[in-house]
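1. got a predicted structure plus its sequence, pasted below:
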Amino acid sequence: LQQVAALLYAGSALGAAFAGDLLTLFIFWELLTLTSVFLIWARRTERAMQAGIRYLMIQILSGLILLAGLLVHCSETGSLAFDFIGIGGTGGWLILIAFGIKACFPFLHNWLTDAYPEATPTGAVFLSAFTTKVAIYTLARGYPGTEPLIYIGAAMTCFPIFFAVIENDLRRVLAYSLINQLGYMVCGIGIGTALALNG
């Protein structure tokens with residue numbers, strides 16, 4: 001079951017990366033959630049089951065916010081094309097929040113430090129590789145040069161370090177370290193130059 005879930009999860013991530021419109025992105029965004037939760041549940045412990053349910057609820061919420069955002073964005077612009085979105089309208093802000101949940105923006109990050117340490121070792125490798133990276137890619141595609149992302153990214157690079165230092169569980173330390181590394185990526189997207197985006 002874990003291998004099947006992992007392959008479907010990787011395929012969903014590729015589908016989201018190659019999405020040409022926001023509706024297709026939404027479909028693969030939700031498939032990403034549904035396939036990845038099995039990598040947490042595969043550990044078959046009580047803590048893994050509970051962490052998986054919390055993970056599923058937060059990620060489905062992210063998808064619902066994305067759906068609301070794309071509907072508002074479509075009514076504002078008349079287009080569902082997945083290109084630069086920006087924060088000029090309500091739809092853009094809603095989509096940014098949806099992306100931010102998956103990208104572990106500050107105060108939206110607890111799902112990662114809760115769920116990833118409860119996955120199997122194989123599942124944790126897959127989870128680290130796809131969910132947050134799809135979110136970073138969508139930010140780079142929809143919000144390059146959006147200045148607030150610089151400050152969000154800077155906060156993401158700083159706050160996890162304090163938690164990692166006082167944490168005793170090595171898998172949780174790695175989860176906080178992952179958020180720290182994502183912060184550098186979000187900063188680069190906020191800067192928005194060709195060099196920053198390529199980095």
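-> Everything's here; your move. It should be emphasised that the depicted structure is a prediction, and the values quoted were computed from it without experimental measurement. Numbers count the residues shown, from 1 in each chain.
2. make it CA atoms for all contacts and neighbour counts henceforth
-> Will do.
3. max-length helix in this structure?
-> Among the segments of the chain that qualify as a helix by DSSP state H, the longest is helix 46-77.
4. which other helices and strands does the next helix-or-strand element following that helix contact?
-> Scanning forward in sequence from helix 46-77, with DSSP states H and E defining helices and strands, the next element found is helix 90-103. If you count contacts as 3 or more Cα pairs under 8 Å, 6 or more residues apart in numbering; DSSP states H and E, helix 90-103 packs onto helix 46-77, helix 121-142.
5. which of those comes out lowest on mean pLDDT?
-> Ranked by mean pLDDT, the helices and strands packed on helix 90-103 end with helix 121-142 in last place, scoring a mean of 93.
6. remind me what that one packs against, helices and strands.
-> Based on contacts counted as 3+ Cα pairs under 8 Å, 6+ apart, the elements that helix 121-142 packs against are helix 2-17, helix 22-41, helix 90-103, helix 170-191.
7. just the residues contacting that helix, thanks.
-> Under the contact criterion Cα atoms under 8 Å, 6 or more residues apart in numbering, helix 121-142 has outside partners 2, 6, 10, 13, 16-17, 32, 36, 39-40, 42, 82-86, 96, 99-100, 102-104, 116-117, 178, 182, 185-186, 189, 197.
8. picking that back up, I'd like the helices and strands packed on helix 90-103 laid out as JSON lines, including distance to residue 154 and mean neighbour count.
-> Below are these laid out as JSON lines (distance: least, Cα to Cα, whole Å; neighbours: other Cα atoms under 10 Å):
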{"stretch": "helix 46-77", "distance to residue 154": "22", "mean neighbour count": "19"}
{"stretch": "helix 121-142", "distance to residue 154": "15", "mean neighbour count": "20"}
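9. and the ones you listed as a markdown table, adding distance to residue 170?
-> Written out in a markdown table, the entries for these read as follows (distance: least, Cα to Cα, whole Å):
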| stretch | distance to residue 170 |
| --- | --- |
| helix 46-77 | 17 |
| helix 121-142 | 12 |
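10. just to revisit the earlier point, just the buried ones from the contacts of helix 121-142?
-> A residue is treated as buried here by neighbour count (16 or more other Cα atoms under 10 Å); on that basis the buried members of these are 2, 6, 10, 13, 16-17, 32, 36, 39-40, 42, 82, 85-86, 96, 99-100, 102-104, 116-117, 178, 182, 185-186, 189, 197.
11. which other helices and strands does the longest helix of the chain contact?
-> Counting by 3+ Cα pairs under 8 Å, 6+ apart, helix 46-77 packs on helix 22-41, helix 90-103, helix 110-115.
12. of all those, which lies closest to residue 62?
-> Ranking those by distance to residue 62, with Cα to Cα as the measure, places helix 90-103 first at 4.7 Å.
13. what mean pLDDT does that closest one have?
-> For helix 90-103, the per-residue pLDDT averages 97.
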